[in-house]
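1. Based on what follows, work out the 3D shape:
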Amino acid sequence: MSFLDHISQFEHFDFEQKFQEVTPEDVARTLERDRLNSRDLLVLLSAAAADYLEPMAQKARRITHQYFGKTIGLYAPMYIADYCTNYCTYCGFSAAVDFKRTKLTLTEIEQEAQAIAGSGIRHILVLTGEAPAKTPMSYLVGAVEILKHYFSSIALEIFPMDEADYKILVDAGADSLTVYQEVYDKKIYKEVHPKGKKSDYSYRLLTPERGARAGFRALNIGTLFGLGEPRSEAFLAGIHAQYLEYEFPEVEVSLSLPRMTKAKGGIQPKNILNDKGFVQCMLAWRLFMPRLGLTVSTRESAAFRNRLIHLGATRFSAGSKTDVGGYASQHTDATPQFEITDERSVDEVAAMIAESGYQPVFKDWEIV
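-> Next up, the predicted model:
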């Protein structure tokens, strides 16, 4: 059994009708329970639950403090290559977009590491496009071996691999894996991934499971809001996270809430998730999975992220650059994967967290 078997029961599920059937009484009863099931998650994501955001927020805040304390972990993304063989219609790195591609040398990776570490960041997220011929295993292992001298935790957001390949990177020093399904709706997935290895829906869906079996201590998944219908996508991402937590209890599971932003050559969002809907998804996930990590990136504005601290968030990116070599290298003509919105420095984000009554955490894990 895998999550592919589990999700198949929702392939012809009428989400719109089920969401419409939820009543205010259903929401109130769900909020009274401590242990929630998938039906409760659906209730909390419904239109009826939108009128209960305040009691949802109060309960989410209590649960977050109970399991995580008043802390916000900080990390930074590092793009080391933007070559890609996929044709994702929403991404600035798509093979269909004509721009000068960039790949850092190992020396440049060390320069980037020094610049990021100099800001105080100790958790790094390494990103590439999907072009194994340009970023082979030897290159990735070399990058990880350099980065572990500067960071206590190395997360990877690279092209999906087989379990044996992930094991090589775990042995090299990587400890966390981020992989977004992008969209759980199979029809839309096919539309926005017309060509390239990423068009294989099932292989991507099962990537977190291969990563967990390979030994990653943490998994971060999510849906890209703007592609599929937001409420049903949030539901499927939620039950995916729950499945991983149940099947791999030794693994720390997190969900991210990326919303589509402007990208070179990218399509416009077809399904807008507004701020209120964003908050509702976040609160519903927190009540559904008390131990779930919730990651918010610099795609969101500074003012909005300030408020999310009190609503269940556990990790923030800070001082982010989304182009290859954006921190220290001389690749000034590199193309960003997407535009960031919160442009504050690491120090500014950390100060905001402290002023909000929380503790910014730069390091909560050490590679041994």
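
2. can you pull out the strands in this protein?
-> Counting by DSSP state E, the chain has strands at residues 71-79, 123-127, 153-157, 176-178, 218-222, 252-256, 293-296, 315-317, 359-361.

3. average pLDDT for the fourth one?
-> Mean pLDDT, computed over strand 176-178, is 98.

4. what pairs with that strand, and is each one parallel or antiparallel?
-> Sheet pairing of strand 176-178 (DSSP bridges) gives strand 153-157 (parallel), strand 218-222 (parallel).

5. again, but for the last one
-> Strand pairing for strand 359-361, determined by DSSP bridges: strand 71-79 (parallel).

6. re earlier: any chance of TSV for the strands paired with strand 176-178, columns mean pLDDT and mean neighbour count?
-> C-beta here means a position set from N, CA and C on the backbone, and glycine is covered the same way. Below are the strands paired with strand 176-178 laid out as TSV (pLDDT from 0 to 100; neighbours: other C-beta atoms under 10 Å):
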stretch	mean pLDDT	mean neighbour count
strand 153-157	98	22
strand 218-222	98	22
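
7. Looking at the ones you listed, spot the one closest to residue 131.
-> Residue 131 sits nearest to strand 153-157 of all those, at 14.2 Å, using C-beta to C-beta.

8. I'd like to check what contacts that closest one. Which residues are they?
-> With contacts defined as C-beta atoms under 8 Å, 6 or more residues apart in numbering, strand 153-157 is touched by 75, 77, 122-128, 140, 144, 147-148, 169, 173-179, 218, 220, 363, 365, 367.

9. Stretch 57-66 now?
-> Contacts of stretch 57-66 (C-beta under 8 Å, 6+ apart): 31, 279, 282, 283, 286, 287, 290, 310, 311, 312, 314.

10. could those go into a markdown table alongside neighbour count and pLDDT?
-> As requested, the contacts of stretch 57-66 are exported to a markdown table (neighbours: other C-beta atoms under 10 Å; pLDDT from 0 to 100):
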| residue | neighbour count | pLDDT |
| --- | --- | --- |
| 31 | 18 | 98 |
| 279 | 21 | 98 |
| 282 | 22 | 98 |
| 283 | 27 | 98 |
| 286 | 26 | 98 |
| 287 | 22 | 98 |
| 290 | 17 | 98 |
| 310 | 15 | 95 |
| 311 | 19 | 95 |
| 312 | 27 | 95 |
| 314 | 20 | 97 |
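
11. and of these, the nearest to residue 205?
-> Taking C-beta to C-beta as the measure, residue 282 is the one of these closest to residue 205, at 22.7 Å.

12. Against residue 75, how distant is that closest one?
-> 18 Å (C-beta to C-beta, to the nearest Å).

13. can I get the strands of the chain in CSV with distance to residue 113?
-> Output for these, formatted as CSV (distance: least, C-beta to C-beta, whole Å):
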stretch, distance to residue 113
strand 71-79, 7
strand 123-127, 8
strand 153-157, 10
strand 176-178, 16
strand 218-222, 20
strand 252-256, 23
strand 293-296, 21
strand 315-317, 16
strand 359-361, 20
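
14. filter the contacts of strand 153-157 to the buried ones?
-> Neighbour counting with 16 or more other C-beta atoms under 10 Å marks 75, 77, 122-128, 140, 144, 147-148, 169, 173-179, 218, 220, 365 as buried within the contacts of strand 153-157.
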